[in-house]
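J.: using only what follows, build the 3D model:
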Amino acid sequence: MLAAIRHLKIFLLVLFAGSVLTNCSDYYIDDIERGGGYNYEFGFPELRVSTAGYYNMGGTPIIDVSGDIVYAGLIYAENEQGNLQANVSIDINITDQESGDFVARETLTDSLVSENSSVIFSQNVHRFNKLFEVRPGAFDVEIVLTDEKSGKQTTQNNKVTIPDYADRIAAISEIQIFGKNNALGNADFVPVTTYDVPGQLDSLKFVVQITNSTNNDITVNSRLKKFRADTSVAWPMSIQDYPRSNIRYQGIEYDEFDILQSGTRTLQQQGNIFIEYAYEELDEGNYRLEVEITDGNDIETISGREFGIKPPFYPAVRTAQKMAETLFYIMEEDEYKALMKIKNPDSLKSAIDRFWLRNIGNSALAKEAISMYYNRVEEANKQFSNFKEGWKTDPGMVYILFGPPWSVDDVFNSRMIWYYTNNLDDPERGFLFRVSDLKSKYFPFDNYILDRNILYHNLEYRQIQRWRTGNILTADL
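T.: Residues are numbered from 1 along each chain as shown. As a prediction, this is how the structure comes out:
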């Protein structure tokens with residue numbers, strides 16, 4: 001039976017400038033993939049992983065584990081050749097969800113070597129990939145990254161399901177997403193391991209496998225949706241709260257979307273069939289690719305992959321435009337507007353440098369403050385990224401201005417209090433964030449919203465002045 005499996009690729013190249021159709025309602029689907037998070041914790045290695053289950057060309061069930069290791073998250077030492085070297089081990093454990101038995105276990109080791117000392121700050125990634133032959137079923141996949149020099153570990157857990165071809169079913173796999181930068185010419189597609197897709201990956205490919213062991217034809221429907229979402233910068237801490245009816249509070253609206261592309265195809269053959277969908281130059285925003293199959297008995301199965309197009313090089317801050325935008329929290333309104341009117345990247349970068357040097361007055365201190373500020377922006381992107389850039393969220397704003405909280409009090413995953421004091425009764429240095437009550441399995445993002453208070457006005461003003469004068473380097477709070 002498996003010997004008769006066919007392999008088919010369907011390419012849909014989509015180039016568009018606007019919407020094809022607008023809808024004002026949606027039905028909810030349970031099987032939505034959103035990619036992993038950044039797994040960022042200061043001082044620990046950074047691991048980003050994607051997993052997928054499918055049948056290969058020979059009809060063997062496969063679990064595909066792909067991962068990214070961020071160079072800057074590792075500890076380096078000089079090797080015998082005078083280069084910087086970091087050593088890592090990657091433990092991959094696959095267990096059967098039903099029995100709890102180990103199905104596969106393997107440890108990968110690797111050395112990351114660089115001749116350039118800038119590697120310790122690099123947000124580029126080292127990629128690894130491993131394929132495991134398994135049986136059909138549902139599996140838990142645990143990936144543990146260990147930095148051998150520090151001994152610190154980061155763990156990510158994923159779930160994978162592979163249907164049993166012998167069950168005479170029509171089934172659909174998870175949707176994998178790959179991206180490449182067309183400016184690099186013949187660059188290969190690489191797995192996208194997080195919800196966020198950095199903007200320099202201007203060509204995206206989605207791969208899904210349809211398993212058909214029935215005697216029926218299969219109808220495949222696809223839809224690329226774009227959702228309305230908040231993209232604004234966080235309000236100051238001392239003004240009124242966001243209105244509950246405002247998109248800032250709601251975050252993302254799954255009930256209102258544009259269908260940018262849709263299509264239908266009938267598959268008349270049995271087998272495990274790969275379908276590929278390709279899109280180029282999507283605008284920044286939040287999307288979902290839905291793939292739905294219907295067999296001859298009108299039984300529907302649907303899978304979805306949600307993703308967000310973010311600025312180039314995200315979560316890093318590399319472009320002059322993005323460096324300028326993120327100064328919103330420490331600039332006066334007039335000077336920020338004047339800065340954002342500058343369109344030439346070189347002129348914009350010069351204006352940014354002048355802002356820091358004019359206020360701090362010392363080039364060495366200005367350089368140090370600049371580094372500290374943009375490091376916090378990148379860390380905010382990694383920790384608080386959701387439907388918008390992490391630096392634009394309320395926690396991102398507070399993190400950039402004040403740094404990591406001294407302590408955190410989490411309450412039932414719906415509230416958190418950040419303290420910047422050892423006196424937990426200090427009303428000025430404890431910040432309460434509440435998760436929007438819209439959160440559910442269908443509205444999955446932790447949209448933490450700050451409880452704003454006029455009491456924060458003086459504290460916020462003093463902290464902004466510390467940044468503008470460079471005193472943040474010696475007198476943070």
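J.: how is the closest residue to Asn471 other than its chain neighbours assigned, secondary-structure-wise?
T.: In this structure, Asn471 finds its nearest non-sequential neighbour in Gln465, 7.5 Å apart by Cβ to Cβ, 6 or more residues apart in numbering. Bear in mind the C-beta positions are built from the backbone N, C-alpha and C, glycine included. Here Gln465 is recorded as helix under DSSP: H, G, I helix; E, B strand; the rest coil.
J.: and Gln465, how many residues sit next to it?
T.: For Gln465, the number of neighbouring residues by other Cβ atoms under 10 Å comes to 13.
J.: which stretches in the chain count as helices?
T.: 247-250, 320-325, 333-340, 345-360, 363-384, 394-402, 456-469 (DSSP state H).
J.: buried stuff in the fifth one?
T.: Going by neighbour count (16 or more other Cβ atoms under 10 Å), the buried part of helix 363-384 is 365-366, 369-370, 372-374, 376-384.
J.: check stretch 272-292 too.
T.: Within stretch 272-292, judged by 16+ other Cβ under 10 Å, the buried ones are 272-279, 282, 285-292.
J.: please apply the same query to stretch 46-62.
T.: Within stretch 46-62, the residues scored as buried using 16+ other Cβ under 10 Å are 46-55, 61-62.
J.: try stretch 224-236
T.: Quick answer for stretch 224-236 (16+ other Cβ under 10 Å): 224-230, 234-235.
J.: identify the farthest-apart pair in the residues you listed.
T.: Spatially, the most separated pair among the buried residues of stretch 224-236 is Leu224 and Trp235, at 32.3 Å (Cβ to Cβ).
J.: would you map out the domains in this structure?
T.: 2-68+128-138+158-310, 320-473 (automatic domain parsing).
J.: least confident of these, on average?
T.: Mean pLDDT is lowest for domain 2-68+128-138+158-310 among those, at a mean of 86.
J.: quick one: it to chain centroid distance?
T.: The chain centroid and the centroid of domain 2-68+128-138+158-310 are separated by 14 Å under Cα atoms, centre = their mean, to the nearest Å.
J.: and what of stretch 463-477?
T.: 31 Å.
J.: what do you get for stretch 138-146?
T.: For stretch 138-146 - counting by Cα atoms, centre = their mean - the centre lies 19 Å from the chain centre.
J.: in it, what counts as buried?
T.: 139, 141, 143-146.
J.: what's stretch 179-186 in contact with?
T.: 187-190, 192, 197, 200-205, 280 (Cβ atoms under 8 Å, 6 or more residues apart in numbering).
J.: count the neighbours of Val398 for me.
T.: Neighbours of Val398 (other Cβ under 10 Å): 25.
J.: nearest residue to it other than its sequence neighbours?
T.: Phe431 (5.7 Å).
J.: ok, the one you found - contacts?
T.: 237, 398, 405, 417-420, 450-451, 456.
J.: doesn't Arg376 make contact with Glu390?
T.: Just so we're on the same page, residue 390 is Gly rather than Glu. No - using Cβ atoms under 8 Å, Gly390 is not in contact with Arg376; the gap is 10.5 Å.
J.: just send the domains of the chain back as CSV, with distance to Arg105 too.
T.: Listed next are these as CSV, based on distance: least, Cβ to Cβ, whole Å:
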stretch, distance to Arg105
domain 2-68+128-138+158-310, 10
domain 320-473, 29
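J.: nearest to Ser111, of the ones you listed?
T.: The closest of these to Ser111 is domain 2-68+128-138+158-310. By Cβ to Cβ, the value is 12.3 Å.
J.: any chance you could map the strands in the stretch 151-300 of the chain?
T.: For the stretch 151-300 of the chain, the strands defined by DSSP state E, counting those that start in this stretch cover 153-162, 170-172, 176-180, 190-191, 196-198, 203-212, 218-229, 252-267, 271-280, 285-294, 300-310.
J.: which residues are in contact with the last one?
T.: Contacts of strand 300-310 with the rest of the structure, by Cβ under 8 Å, 6+ apart, involve 29, 31-35, 170-177, 192, 195-199, 206, 208, 282-294, 385, 387, 389.
J.: adjacent strands (with direction) for it?
T.: Paired strands of strand 300-310, with direction, are strand 32-33 (parallel), strand 196-198 (parallel), strand 285-294 (antiparallel) (DSSP bridges).
J.: got it, and the shortest one?
T.: Based on DSSP bridges, the pairing partners of strand 190-191 within the sheet are strand 176-180 (antiparallel).
J.: any idea of the angle the partner strand forms with strand 271-280?
T.: Interaxial angle, strand 176-180 versus strand 271-280 (axes from the mean of the first three to the mean of the last three Cα atoms, to 10 degrees): 40 degrees.
J.: who's in contact with the nearest residue to Thr211 once chain neighbours are set aside?
T.: Nearest non-adjacent residue to Thr211, counting by Cβ to Cβ, 6+ apart: Ala171, 4.4 Å away. Ala171 sits next to 163, 210-211, 293, 301 when contact means Cβ under 8 Å, 6+ apart.
J.: I'm done for today, thanks for sticking with me.
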